[in-house]
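Colleague: A predicted structure for the sequence below; I have some questions about it.
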Amino acid sequence: RAIERYPQARTVVWAQEEPANMGARQFVVERLPQLCEGRETLFVSRPASGSPATGSHAMHELEQKDLFDRALGTGVATPAR
């Protein structure tokens, strides 16, 4: 329903703060492209990791900025696979 609210959208971005191997991404990555009916589907998350956090506040701030930049289109997002 959320996607239907934007009929002119050409790209749909799934953004999550968790690493790529955590959170809902693994569930969504196979389903979202089907729901987007031909729109480009991109995924933004932290790289896959054995830990959900870096343990460094400075690194966390850099990763947060990177996530926002990629999610909002000012950085590089990963195409759906």
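Modeller: Done, it's in. Fair warning: this is a prediction, and the values are worked out from it, not measured in the lab.
Colleague: Can you show me the strands along the protein?
Modeller: Across the chain, reading from the start of the chain, the strands by DSSP state E fall at 11-19, 40-46, 78-79.
Colleague: Check the spacing between residue 14 and residue 25 real quick.
Modeller: Distance of residue 14 to residue 25, computed by C-beta to C-beta, to the nearest Å: 7 Å. The way it works is simple: take the backbone N, C-alpha and C, and place the C-beta from them, glycine included.
Colleague: list the residues that contact both of the two?
Modeller: Taking C-beta atoms under 8 Å, 6 or more residues apart in numbering as the contact criterion, the residues that touch both residue 14 and residue 25 are residue 43.
Colleague: shaky segments in this protein?
Modeller: Counting by pLDDT under 70, the ranges of the chain that qualify are 75-81.
Colleague: change it to 80
Modeller: Low-confidence segments of the chain, defined by pLDDT under 80: 74-81.
Colleague: so how far is stretch 13-24 from its chain's centroid?
Modeller: Between the mean C-alpha point of stretch 13-24 and the mean C-alpha point of its chain there is a distance of 6 Å (C-alpha atoms, centre = their mean, to the nearest Å).
Colleague: Give the buried residues for it.
Modeller: Of the residues in stretch 13-24, those scored as buried under the neighbour-count criterion (16 or more other C-beta atoms under 10 Å) are 13-14, 16-17, 19-20, 22-23.
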